[in-house]
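S.K.: When you get a sec, could you give me coordinates for this:
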Amino acid sequence: SDNNIRERWKRGQGGVALFLKKTLKVREIQTASDRLASVSFKIENINFVILAVYLLSRNNDLKEYMKTLDTLEQFCIRHKSCGTKLLLLGDFNAHIKEDKLSQDWNNRGQRLQPFLSKMNLVAVNLSPWCEKPRFTYLSNTGNSIVDYIFVGNDIIEHVDLVQVPMQKAPRQHSISFTSNH
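M.R.: Numbering: from 1, shown residues only. Coordinates of the predicted model:
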C-alpha cells in the first residue's frame, strides 16, 4: 500500500474512519482500494452505504487519482443499481466551486464533477443545510475546501445539519453531519 506512514512520511498521511451509533447494525463492505472504507446498514427498510474516501493529493500522479476515482465510481454504480442510498464522505483533494469563500474548480474538481453528476450527488457541506461553509484545509500557501460529504438527491431531505468546525491547527480536516434517522 502507498499509505505506509513510517516508510513515506514523518507525519501521518492518509486514512479514513467511520464513527457510527452502536445501535446501527452495520456490515463492512470490502472495497478494491485501501483509499476507500465502507459499511452498509438498513433504516426503515432502506439500504444505505457509507463510503469514507481519501483521494490522492496534487503531490501524486493524476493517473493514480483517476484510477481511484474510477474504482469509486464502479463501487457506487454497483450499489446504486440495487437501490441502495449512498453517502460519501472524506478528503477528495479537489476544489469544487463555492461562491461564499471564493473557491473555484481546480483540475481535480473538474475531474470529480462528472462523477458527481452521474451519481446525482450533492455536497451537503456546500448546501443550505450547512451552517456556514468553511475551509477544511488550512496552509501557509492558501486555504481550501477539499473535504466533502456527498449524498444523493434522493436522501438530501433527511439531512438535519452539517457543521464545519473552526480549525484548531493547519491541515486539520473535520466535518460534522447529522440526520433525522
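
S.K.: which other helices and strands contact the lengthiest helix in the chain?
M.R.: If you go by DSSP state H, the chain has its longest helix at helix 62-80. In terms of contacts (3 or more C-beta pairs under 8 Å, 6 or more residues apart in numbering; DSSP states H and E), helix 62-80 is packed against strand 36-43, strand 46-54, strand 85-91, helix 107-118. Backbone N, C-alpha and C define where each C-beta goes, glycine included.

S.K.: Could you point out which residue ranges in this protein have low pLDDT?
M.R.: Scanning the chain for pLDDT under 70 picks out 1-17, 98-103, 105, 126-138, 142-146, 158-181.

S.K.: try it again with 50
M.R.: 1-2, 4-12, 169-171, 173, 175-176, 181 (pLDDT under 50).

S.K.: hmm, who's touching the longest helix of the chain?
M.R.: With contact meaning C-beta atoms under 8 Å, 6 or more residues apart in numbering, helix 62-80 is reached by 31-33, 35-36, 38, 40, 49, 51, 53, 55-56, 86, 88, 93, 107-108, 111-112, 115, 118-119, 152.

S.K.: What's the ChimeraX line that selects buried ones from the residues you listed?
M.R.: Here is the ChimeraX selection string for the buried members of those, based on 16 or more other C-beta atoms under 10 Å:
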select :31,33,35,36,38,40,49,51,53,55,56,86,88,93,108,111,112,115,119,152
